[in-house]
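Colleague: Based on what follows, work out the 3D shape:
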Amino acid sequence: MRNIVILLILGLFVLGPSTHAQSDLSQLIDSLQGKYQRLTTLAADFTQIYSAPGQQSRRETGRLVLKKPGKMRWDYDSPEQKLYVSDGKTIYEYVPAERTATRTKVREANDLRAPFMFLLGRGDLRRDFRRIETIKEAPARAGNLILRLAPKRESGFRVLLLEIEPQSLRIDRLTFVDDDGGRSDFIFSNVKENVAVSDAQFIFRPPAGVQVIDGP
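Modeller: Reported below is the predicted structural model:
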């Protein structure tokens, strides 16, 4: 599944039919795209919350590391340990308690975490989304701006929300809403950009006795 400096004060930014508002939104999209194309690495703590109609919500926490071109590592620490790691070609998902790891080619993956490659310039907002607009929704952090994006093609989700810190254009939250109303929120903290990251972090070496199976 799978990557903005706005020139006007975003606190006064209001989406509307005017040419001025459309121009502001266009500048925001271009600036956001440019920022994440220039990034080489990104590291952050994350909280992942999944909720769906009629189901109890699930909350998980961990640490995320991304590196160009296409490398990512998700270390889950609560409520159970899990590892999701990719060298840009192959994705491994490993749950120590199950003593198995699943291997999937990146081009065949259908996982909500795949679109995080946008954060390292692997996606294009104008190319990949047919509609981008600002919405009024309570942000995870006061003062943030929220964009609503509708994908052009089948993407495993119906809507993507980006919560953006106005000054730095840091993405504090990504939210995916699927066709059945299920919602996955990824909330970030302690975000660090362009930090030194070793390639060794993205290589999966199964521990002794762990079976590696090919995913669907």
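Colleague: Go ahead and confirm residue 124 touches residue 33.
Modeller: Yes. Judged on Cβ atoms under 8 Å, residue 124 makes contact with residue 33 at a distance of 6.9 Å. No exception for glycine: its C-beta is placed from N, CA and C like everyone else's.
Colleague: any idea which helix is longest in this structure?
Modeller: helix 19-38 (DSSP state H).
Colleague: could I get that helix in CSV with only the CA atoms?
Modeller: Extracted in CSV, the C-alpha atoms of helix 19-38 (Å, rounded to 0.1, in the frame of the first residue of the first chain):
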residue,chain,number,x,y,z
THR,A,19,-9.8,31.6,-7.0
HIS,A,20,-7.7,32.8,-4.0
ALA,A,21,-8.6,29.8,-1.9
GLN,A,22,-7.9,27.4,-4.8
SER,A,23,-4.5,29.1,-5.3
ASP,A,24,-3.7,28.6,-1.6
LEU,A,25,-4.6,24.9,-1.8
SER,A,26,-2.6,24.5,-4.9
GLN,A,27,0.5,26.1,-3.2
LEU,A,28,0.0,23.8,-0.2
ILE,A,29,-0.1,20.7,-2.4
ASP,A,30,3.0,21.7,-4.3
SER,A,31,4.9,22.6,-1.1
LEU,A,32,3.9,19.4,0.7
GLN,A,33,5.0,17.3,-2.3
GLY,A,34,8.3,19.2,-2.5
LYS,A,35,9.1,18.8,1.2
TYR,A,36,8.7,15.0,1.2
GLN,A,37,10.5,14.5,-2.1
ARG,A,38,13.5,16.2,-0.5
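Colleague: name the helices or strands packed onto it?
Modeller: With contacts taken as 3 or more Cβ pairs under 8 Å, 6 or more residues apart in numbering; DSSP states H and E, helix 19-38 sits against helix 125-128, strand 129-134.
Colleague: can you pull the buried residues of the last one?
Modeller: Using 16 or more other Cβ atoms under 10 Å as the burial criterion, the residues of strand 129-134 that qualify are 129, 132, 134.
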